[in-house]
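Asker: sequence and predicted structure, then a few things I'm wondering about:
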Amino acid sequence: MPSDIPRLIKGRSSPHLRKAFPALLKLPSLWTRSYFLSTAGTVSSAIIAHSIERQSKVSPMPTVSKTFKYKLEPTAEQMRLLQRTVGLCNWLYNTALEQRITAWKYHRVSLTCYQQHAELPEIKEAFPEFKNVHSQVLQDVLTCLDKTYQAFFARRKTGGKGGFPRFQGSHRYHSFTYKQYQNGAYADNGFLVLSKIGRVKVLWSRPLEGTPKTVTISHEADGWYVCFSCAGVEMPALPKTGQEVGVDVGIKSFLTTSDGVHVGNPQWLRKMEKQLKWHQRRVSRRKQGSKRRKKAVAGLAKVYQTVRRQREDFHHKQSVALVKQYDVIYVEDLQVANMVKNHHLAKSISDARWAQFRAILTFKAACAGKSVVAVPPAYTSQDCSRCGMRVQKSLSVRTHICPQCGLVMDRDENGATHVKWAGQALRGVPGLPGPLSRASPRL
Ligand SMILES: [Zn+2]
């Protein structure tokens with residue numbers, strides 16, 4: 001009832017409001033909170049009802065699913081319980097895998113996920129320690145196993161390579177998932193309440209947005225983390241700039257744009273490499289199974305973690321800059337897996353982790369209402385970006401010099417410009433500067 005609105009919304013958060021008033025579902029959450037809460041009790045219900053009516057015609061902001069990760073600060077006792085839960089999940093995973101394998105080997109029966117789910121109560125009877133793990137967490141373990149099976153069969157169907165689902169050693173198994181928020185896991189008053197584990201302190205490093213769907217607890221080199229995967233996270237589109245750009249991925253520089261911007265390859269990995277080597281040597285010197293070796297392994301894992309975080313941070317910053325400035329970003333559709341096979345380039349390419357950057361860039365662009373277009377990479381670094389002539393050059397030649405039209409340009413810049421043109425041709429953008437025909441790019 002509209003007349004109830006001002007009374008009902010006082011002191012309520014927007015998820016509650018949206019539940020009580022389905023019409024609000026169509027509104028951006030900021031509007032729900034600020035408008036309603038600030039006007040509670042002072043605006044007539046007729047006006048509010050009218051506003052709802054009017055606002056619901058405005059198309060809602062696009063939303064995406066996103067994961068929010070926070071560090072946990074469990075007590076010593078909670079840490080023990082978390083570790084035990086991971087251990088039990090690990091055991092269940094391996095046992096369920098074994099069961100599937102033997103069922104097939106001796107009886108030619110392929111067990112389904114449901115059949116395995118149905119056996120959970122029996123397992124709990126036989127092994128009472130499993131009563132200390134939330135049932136949905138156990139179900140999720142079996143679902144995960146099923147997914148790896150499905151993926152394996154899908155790969156085999158398409159003739160792809162890839163191994164059979166394998167047993168997971170304790171050093172590879174680090175996490176467990178509550179597959180329904182509020183069923184065994186939920187945030188309460190700044191804490192994360194986990195069934196069978198307790199109220200765990202969370203470092204809320206940024207606000208949680210959207211509607212949490214699942215909660216995953218994982219153990220990393222420096223402690224415990226929680227990931228909330230949330231649906232309906234609002235993504236305000238970035239203003240359009242009318243600019244398009246081609247991006248070339250280099251070995252010498254991380255990326256080069258057709259506008260002549262060079263972003264250097266980050267040197268931190270090289271710097272970290274010395275550290276990594278030192279740690280690796282330390283691990284290999286120590287006796288297998290010893291306490292000192294375990295310590296060394298933990299040290300090595302920490303260095304790896306630092307490198308990964310620095311790389312991610314770098315990728316996020318670079319992609320934000322591109323998405324802010326350009327509406328359409330053309331990138332080479334590089335087959336990274338193929339290039340890594342080439343030993344000489346392998347290091348640089350793996351370092352740059354192009355595939356990861358592409359994924360981040362594409363996601364950010366989609367969120368901001370912009371687009372990333374992949375262009376087949378053939379000859380982009382060879383062909384002249386002004387006249388289209390093929391100018392063969394080895395990797396060591398850093399400058400493109402065209403004997404036909406006289407264009408002298410940095411090699412990567414020429415490549416980026418070519419990527420932009422080829423991409424615009426693919427999209428059918430009319431109007432070509434120069435004689436290179438966009439209708440038939442030389443690919
Ligand atoms: Zn030329």
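Answerer: Looks like it arrived, so ask away. Quantities reported herein were computed from a predicted structural model and do not represent experimental measurements.
Asker: tell me the secondary structure at the spatially most central residue of the chain.
Answerer: For the chain, the residue sitting closest to the mean C-alpha position, by CA atoms, centre = their mean, is Ile360 at 7.1 Å. Classification of Ile360 using DSSP: H, G, I helix; E, B strand; the rest coil returns helix.
Asker: and for the residue nearest to Arg398 when sequence neighbours are not counted, the neighbour number?
Answerer: Nearest residue to Arg398, sequence neighbours excluded (CB to CB, 6 or more residues apart in numbering): Arg411, at 5.1 Å. No exception for glycine: its C-beta is placed from N, CA and C like everyone else's. Arg411: 21 surrounding residues under other CB atoms under 10 Å.
Asker: please apply the same query to Arg84.
Answerer: By the criterion of other CB under 10 Å, Arg84 has 15 neighbours.
Asker: for the biggest helix by length in the chain, what is the distance to the chain centroid?
Answerer: The longest helix of the chain (DSSP state H) is helix 291-325. Distance, stretch centre to chain centre, for helix 291-325: 14 Å (CA atoms, centre = their mean, to the nearest Å).
Asker: and the gap between Thr95 and the ion?
Answerer: From Thr95 across to the ion, the span is 65 Å (CB to the ion, to the nearest Å).
Asker: which helix or which strand is home to that residue?
Answerer: Using DSSP states H and E, Thr95 maps to helix 76-107.
Asker: and the helix or strand that that helix is followed by, what's buried?
Answerer: Next along the chain after helix 76-107, taking DSSP H and E as the criterion, comes helix 113-118. Neighbour counts over helix 113-118 (16 or more other CB atoms under 10 Å) mark 113, 116-117 as buried.
Asker: give me the contacts around helix 113-118.
Answerer: Identification of contacts with helix 113-118 by CB atoms under 8 Å, 6 or more residues apart in numbering yields 96, 99-100, 139, 142-143, 145-146.
Asker: make TSV from those residues and add pLDDT to it.
Answerer: Converted to TSV, these look like this (pLDDT from 0 to 100):
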residue	pLDDT
Ala96	93
Gln99	92
Arg100	92
Gln139	95
Leu142	95
Thr143	94
Leu145	93
Asp146	93
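Asker: buried ones among those?
Answerer: When these are checked for burial by 16+ other CB under 10 Å, the buried set is 96, 100, 139, 142, 145-146.
Asker: isn't Asp327 right up against Pro239?
Answerer: No. Using CB atoms under 8 Å, Asp327 is not in contact with Pro239, being 9.6 Å away.
Asker: between the two, point out the one with more neighbours.
Answerer: A count of neighbours by other CB under 10 Å puts Asp327 above the other of Asp327 and Pro239, at 18 against 9.
Asker: one step back: packing partners for the longest helix of the chain?
Answerer: strand 244-249, strand 253-257, helix 268-285, helix 354-367 (3 or more CB pairs under 8 Å, 6 or more residues apart in numbering; DSSP states H and E).
Asker: and among these, the most buried is which?
Answerer: Greatest average neighbour count among these goes to strand 244-249 (a mean of 25), per mean count of other CB atoms under 10 Å.
Asker: just want the angle from that strand to strand 253-257.
Answerer: Put simply, strand 244-249 runs at 160 degrees to strand 253-257, going by axes from the mean of the first three to the mean of the last three CA atoms, to 10 degrees.
Asker: what sits up against strand 244-249?
Answerer: Strand 244-249 is contacted from outside by 255-259, 322, 325-332, 334, 352, 354, 375, 380-381, 412-413, 415-421, 423-424, 429, using CB under 8 Å, 6+ apart.
Asker: restricted to strands, list those.
Answerer: 255-257, 328-332, 375 (DSSP state E).
Asker: turn those into TSV, columns for pLDDT and distance to Glu312.
Answerer: Formatted as TSV, those follow (pLDDT from 0 to 100; distance: CB to CB, whole Å):
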residue	pLDDT	distance to Glu312
Leu255	87	16
Thr256	90	21
Thr257	93	21
Val328	93	25
Ile329	94	19
Tyr330	92	24
Val331	88	18
Glu332	82	22
Val375	84	25
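Asker: these: which two are farthest apart?
Answerer: Thr256 and Val328 (17.1 Å; CB to CB).
Asker: quick check: the residue of the stretch 151-300 of the chain nearest the ion.
Answerer: At 15.4 Å from the ion, Ser258 is the closest residue in the stretch 151-300 of the chain, using CB to the ion.
Asker: residues contacting that residue?
Answerer: Going by CB under 8 Å, 6+ apart, the list of residues near Ser258 reads 245-248, 413, 416-417, 419-420.
Asker: next, give phi and psi for it.
Answerer: Here is the backbone geometry of Ser258 (degrees, to the nearest 10): phi -70, psi -10.
Asker: buried subset of the contacts of strand 244-249 as a ChimeraX selection?
Answerer: A single ChimeraX command suffices to select whichever of those are buried according to 16+ other CB under 10 Å:
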select :255,256,257,258,259,322,325,326,327,328,329,330,331,332,334,352,354,375,380,381,412,413,415,416,417,418,419,420,421,423,424
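Asker: Gln404 and Arg390, how far apart?
Answerer: 10 Å (CB to CB, to the nearest Å).
Asker: domain-wise, how is this structure divided?
Answerer: As recorded under automatic domain parsing, the domains making up the chain are 2-60, 67-234, 244-265+309-427.
Asker: unless I'm mixing things up, Trp204 is touching Gly190, no?
Answerer: Yes. Contact criterion CB under 8 Å: Trp204 and Gly190 qualify, at 7.0 Å.
Asker: tabulate the buried residues of helix 113-118 in JSON lines, adding columns for pLDDT and distance to the ion.
Answerer: Shown next, in JSON lines, are the buried residues of helix 113-118 (pLDDT from 0 to 100; distance: CB to the ion, whole Å):
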{"residue": "Cys113", "pLDDT": "88", "distance to the ion": "59"}
{"residue": "Gln116", "pLDDT": "92", "distance to the ion": "64"}
{"residue": "His117", "pLDDT": "91", "distance to the ion": "65"}
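Asker: what's the closest of those residues to Leu92?
Answerer: Leu92 has its nearest neighbour among the buried residues of helix 113-118 in Gln116, at 9.5 Å by CB to CB.
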